[in-house]
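*Asks:* can't give you the sequence, but here's the structure:
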Ligand SMILES: [Zn+2]
Ligand SMILES: [Zn+2]
Ligand SMILES: [Zn+2]
């Protein structure tokens, strides 16, 4: 069975941790595991490098990871914390002398076209703009030999995408997972899922709700992401069941697919 390496590029919520202007214990923590950039993961397999979402911290994440190439971007949805790093793919366009395929739903493509009009307007420019080719996600698809299964999840008033690849699933940004998506989340080795904080939030799952989902889906291991400054890394992990951990920037593991 082949395997891919999954790396958590960012484990933080939309504002990141530390949060600007905040002096709480987590924002001022000396523990590097309490530093969280915006949410994204890197998939490395068969010589390919694929990211899910291009956060405002994409450049910093790519430098930290020594990312030498970029073969594709998959988008979960069009919120700012998931797309704003798109402009920083340009060095890979230049180095690889090619456009980079982007996979996104129709709704997310509409947001990308609006937020990055200069990327899509085909107007001549004396400077560089990201070179992309849009692909619409309307069901499972093959990406360089990896089967990517999109899952619909509810994120406040909207529906966004999570993804399953072999024995791992990545569900950032959800408040509820519908039954038809739960059916696609059985038999996982690793589940990476939104757990913003302890207190409830209209757009995001909290620790209690995410623990209940882990209990229901029974992955071997679960990793929380999209974490805000309410949750200190060491202190929160000490309270979680052994097979459930807060993820952290740079966390990496192998996944069979
Ligand atoms: Zn988000
Ligand atoms: Zn804080
Ligand atoms: Zn969002």
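*Replies:* Arrived safely, thanks for sending. It should be emphasised that the depicted structure is a prediction, and the values quoted were computed from it without experimental measurement. Numbering: from 1, shown residues only. Ligands and ions are numbered 1, 2, ... in the order given.
*Asks:* got a list of what the residue in the stretch 51-200 of the chain that ligand 2 sits nearest to touches?
*Replies:* Residue nearest to ligand 2 within the stretch 51-200 of the chain (C-beta to the ion): residue 197, separated by 11.1 Å. From N, CA and C alone the C-beta is placed, and that goes for glycine too. Contacts of residue 197 were listed using C-beta atoms under 8 Å, 6 or more residues apart in numbering, and they are 204, 206, 207, 227, 228, 230, 231.
*Asks:* excluding its backbone neighbours, what's nearest it?
*Replies:* Computed as C-beta to C-beta, 6 or more residues apart in numbering, the closest residue to residue 197 that is not its neighbour in sequence is residue 230, at 3.9 Å.
*Asks:* Can you classify that neighbour by secondary structure?
*Replies:* Applying DSSP: H, G, I helix; E, B strand; the rest coil to residue 230 yields a three-state assignment of coil.
*Asks:* Just the pLDDT at it, thanks.
*Replies:* pLDDT for residue 230: 98.
*Asks:* now residue 146
*Replies:* Among the per-residue scores, residue 146 holds a pLDDT of 97.
*Asks:* Tell me how far it lies from residue 78.
*Replies:* Remark: distance between residue 146 and residue 78 (C-beta to C-beta, to the nearest Å) = 23 Å.
*Asks:* So between these two, which is more surrounded?
*Replies:* residue 78 (21 against 18; other C-beta atoms under 10 Å).
*Asks:* doesn't residue 114 fall inside a strand?
*Replies:* No - per three-state DSSP, residue 114 lies outside any strand segment and is helix.
*Asks:* what about residue 239, helix or strand, and which?
*Replies:* Following DSSP states H and E, there is no helix or strand that holds residue 239.
*Asks:* try the one 3 residues further on
*Replies:* Under the criterion of DSSP H and E, residue 242 resides outside all helices and strands.
*Asks:* likewise residue 148?
*Replies:* With DSSP H and E as the test, residue 148 turns up in strand 146-155.
*Asks:* what's the following helix or strand after that strand?
*Replies:* With DSSP H and E, the next secondary element past strand 146-155 is strand 158-165.
*Asks:* other SSEs contacting that following strand?
*Replies:* strand 146-155, strand 168-171 (3 or more C-beta pairs under 8 Å, 6 or more residues apart in numbering; DSSP states H and E).
*Asks:* That one vs ligand 3: in contact?
*Replies:* No - figure legend: strand 158-165 not in contact with ligand 3 (C-beta under 5 Å from the ion); closest approach 6.6 Å.
*Asks:* Would you mark the buried spots in that strand?
*Replies:* Neighbour counts over strand 158-165 (16 or more other C-beta atoms under 10 Å) mark 160, 161, 162, 163, 164, 165 as buried.
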